[in-house]
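Chemist: Attaching a predicted model along with its sequence, questions to come.
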Amino acid sequence: MDILDLLDRRCVTLKAGASSKHQALSLVAETVARRFSLEASEVFEALQTREALGSTGVGYGVAVPHAKIPGLTQMRAAFISLERPVDFDAVDGAPVDILFALFSPEAAGPEHLQAFARIARLLRKSEMRQQLRQARTVDAVFALLTDTARPSAA
């Protein structure tokens, strides 16, 4: 599964204001709900339920919140960068300023884990994180994320 298949340009938000993990997850929920005609409260509740199992803060200022959402027909993603990092109870204790959220239909099988792994591998690269933090436009972030996900045409 390509990140291009998951990420909609309208689900990329840069330098959003959030002062807590709760607010950051709320921003993610509102973004996805608005774009895919879902209830923001249901998306937020699904994210909170998943966070209660353990933080999705994977380290290096990155979180990959994820949830299965009733009514969603295919996997979707959202990317949000925060103006200021927030405490996210990440595995390394570092505050988070990059959120790449993944949402799947309730019946999603191994493709959910495969997409999660692809996103995690992508954001594990320090050069990618640096470029994402320096990007000034939605188009720049979208190009970084989707160009990296595609196999190179050699």
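Modeler: Done, it's in. All values derive from a computational prediction rather than experimental measurement.

Chemist: Look up which residues are beta-bridged to the residue nearest the centre of the chain.
Modeler: Nearest residue to the geometric centre of the chain (C-alpha atoms, centre = their mean): Phe100, 1.6 Å. Under the criterion DSSP bridges, Phe100 forms beta bridges with Phe79.

Chemist: residues in contact with it?
Modeler: Val62, Ala63, Val64, Ala77, Ala78, Phe79, Ile119, Leu123 (C-beta atoms under 8 Å, 6 or more residues apart in numbering). No exception for glycine: its C-beta is placed from N, CA and C like everyone else's.

Chemist: what about the last one, neighbour count?
Modeler: Leu123 is flanked by 22 other residues according to other C-beta atoms under 10 Å.

Chemist: Roughly how far does it sit from Ala18?
Modeler: 18 Å (C-beta to C-beta, to the nearest Å).

Chemist: so where is the protein shaky, pLDDT-wise?
Modeler: 1, 148-154 (pLDDT under 70).

Chemist: Spit out the contact partners of the closest residue to Ala135 other than its chain neighbours.
Modeler: Excluding the flanking residues, the one nearest Ala135 by C-beta to C-beta, 6 or more residues apart in numbering is Val141, at 4.6 Å. Contacts for Val141 (C-beta under 8 Å, 6+ apart) come out as Val12, Leu14, Phe79, Ser81, Leu132, Ala135.

Chemist: Take the residues you listed and write them to a markdown table, including distance to Asp92, secondary structure and neighbour count.
Modeler: Listed next are the contacts of Val141 as a markdown table, based on distance: C-beta to C-beta, whole Å; DSSP: H, G, I helix; E, B strand; the rest coil; neighbours: other C-beta atoms under 10 Å:
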| residue | distance to Asp92 | secondary structure | neighbour count |
| --- | --- | --- | --- |
| Val12 | 25 | strand | 22 |
| Leu14 | 24 | strand | 17 |
| Phe79 | 20 | strand | 27 |
| Ser81 | 18 | strand | 19 |
| Leu132 | 18 | helix | 22 |
| Ala135 | 23 | coil | 18 |
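
Chemist: Kindly indicate which of these lies nearest Ala46.
Modeler: The closest of those to Ala46 turns out to be Phe79 (C-beta to C-beta; 18.1 Å).
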